[in-house]
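J.: Just to be clear, the model below is a prediction. Sequence and coordinates:
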Amino acid sequence: MDLVNAIKNVLVPRELEEQVDRSPKSTGSFNYDAWGYNPDTAKISLALFKQLYDHYFRVEARGLEHVPKQGRALIIANHSGQLPMDGILIGVAMATNPDGPRMARAMVERFFPTVPFVGNLLNQAGAVIGDPQNCRRMLQSEEAVIVFPEGIRGSGKLYKDRYQLQRFGNGFMHIAMATETPIIPVGVVGCEETMPAIANIKPLAELLAIPYFPLAIPAFLPAKVILNFGEPMMFDQSVESEEAVTARVEQVKDVIRGLIEKGLQERERVFL
């Protein structure tokens, strides 16, 4: 028995393994798909993060019945927290969804795969560089894809700007229209407090060739996280201008803003 299987047998409960197996992906003879996904690595990662999900962040996920049990879907959420813990928690919620588990693919910033070892692990767990072509191909393969249209504008914002949505790019809307993909909006509450930053040290970020270098506690704080999944939104290709596309993006943004407000009202304390 190789090391990966030994680790998997120790860490991964049978129920969790069965949930991943219920959301299969086409892998080759070496058990990897075209984007580097490996089901064994995904199961181990899911088992580890499920502990954080349940016991550290104490996540409450609502509205998971809105996520399609199969077929393409774009999961569009607000972004925060310096590091992509929000994407991980959304992925765990979807993978363990009692209404139908989905092993979602997450679009990540281009600099993450350049970090030694991190890139390979992200790919094997299901993450993919946030390139429009990658997103289109995965949707055409009937994947569920997590996208944060704020990008680094959201993840790198300071604590004083928490829960203030930054500008959304229009790319996800063009892809949704072109591929006839339903958009599932998600409001994330709690990740703003997991790693609050009070400043961005721009000279150091430039020196290290990374988008930002936050002045923050170098650890995740145990903030209570609430995920609210909204009803699917469909958009056809009837628009004729970029201004009309932007108006549709604002519709999605408004729904997410409402889901965030809902989560803030539902959350009794930041740290429970």
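T.: Perfect, I can see it now.
J.: shouldn't Val108 be in contact with Asn123?
T.: No: here Val108 lies out of contact with Asn123, judged by C-beta atoms under 8 Å, at a distance of 9.3 Å. Bear in mind the C-beta positions are built from the backbone N, C-alpha and C, glycine included.
J.: helices or strands next to the helix or strand harbouring Arg257 in the packing?
T.: Using DSSP states H and E, Arg257 maps to helix 242-266. Contacts defined by 3 or more C-beta pairs under 8 Å, 6 or more residues apart in numbering; DSSP states H and E place helix 242-266 against strand 73-77, helix 171-179, strand 183-189, strand 226-229.
J.: In the stretch 101-250 of the chain, mark out all the strands, start to finish.
T.: 105-108, 127-129, 144-147, 183-189, 197-200, 214-216, 226-229 (DSSP state E, counting those that start in this stretch).
J.: Pull the last one out as CSV, backbone CA atoms only.
T.: As requested, C-alpha coordinates have been extracted for strand 226-229 and formatted as CSV (Å, rounded to 0.1, in the frame of the first residue of the first chain):
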residue,chain,number,x,y,z
ILE,A,226,-22.2,31.7,7.5
LEU,A,227,-22.7,30.8,3.8
ASN,A,228,-26.0,31.7,2.2
PHE,A,229,-26.5,30.2,-1.2
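J.: Within the sheet, what are the partner strands of it, with directions?
T.: strand 60-62 (parallel), strand 183-189 (antiparallel) (DSSP bridges).
J.: Comparing these, which stretch has the densest surroundings?
T.: strand 183-189 (a mean of 26; mean count of other C-beta atoms under 10 Å).
J.: most centrally placed residue in this structure?
T.: The centre of the chain sits closest to Gly87, judged by C-alpha atoms, centre = their mean, with a distance of 2.5 Å.
J.: Please report the distance of it from Lys202.
T.: As judged by C-beta to C-beta, to the nearest Å, Gly87 and Lys202 stand 24 Å apart.
J.: cool, Glu60 as well?
T.: 36 Å.
J.: quick one on the thing from earlier: please confirm that the residue nearest to the centre of the chain is located within a helix.
T.: Yes: if the criterion is DSSP: H, G, I helix; E, B strand; the rest coil, then Gly87 is within a helix.
J.: Chain neighbours aside, what residue packs nearest to it?
T.: Closest residue to Gly87 apart from its sequence neighbours, by C-beta to C-beta, 6 or more residues apart in numbering: Ala106 at 4.5 Å.
J.: Turn the strands paired with strand 226-229 into TSV, including distance to Leu139 and mean pLDDT.
T.: Formatted as TSV, the strands paired with strand 226-229 follow (distance: least, C-beta to C-beta, whole Å; pLDDT from 0 to 100):
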stretch	distance to Leu139	mean pLDDT
strand 60-62	23	97
strand 183-189	11	97
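J.: wait, which of the ones you listed is closest to Glu231?
T.: Each of those was scored for nearness to Glu231 using C-beta to C-beta, and the closest is strand 183-189 (8.1 Å).
J.: Give me the contact list for that closest one.
T.: 66-68, 73-80, 86, 89-90, 163, 172, 176, 225-230, 232-235, 252, 255-264, 266-267 (C-beta atoms under 8 Å, 6 or more residues apart in numbering).
J.: Against Leu158, how distant is Val108?
T.: 21 Å.
J.: the more surrounded of these two?
T.: Between Val108 and Leu158, Val108 has the larger neighbour count (other C-beta atoms under 10 Å), namely 20 against 15.
J.: List the contacts of the more buried one.
T.: Neighbouring residues of Val108 by C-beta under 8 Å, 6+ apart: Pro84, Gly87, Leu122, Ala127, Val128, Ile129, Gly130.
J.: so which of those residues would you say is closest to Val145?
T.: Nearest to Val145 among the contacts of Val108, counting by C-beta to C-beta, is Val128 at 8.2 Å.
J.: Could you double-check that that closest one lies in contact with Trp35?
T.: Yes: contact criterion C-beta under 8 Å: Val128 and Trp35 qualify, at 4.8 Å.
J.: List the residues that contact the nearest residue to Glu231 once chain neighbours are set aside.
T.: Nearest residue to Glu231 in three dimensions, chain neighbours excluded: His66, at 5.3 Å (C-beta to C-beta, 6+ apart). Applying C-beta under 8 Å, 6+ apart, we find His66 in contact with Ile184, Phe229, Gly230, Glu231, Pro232.
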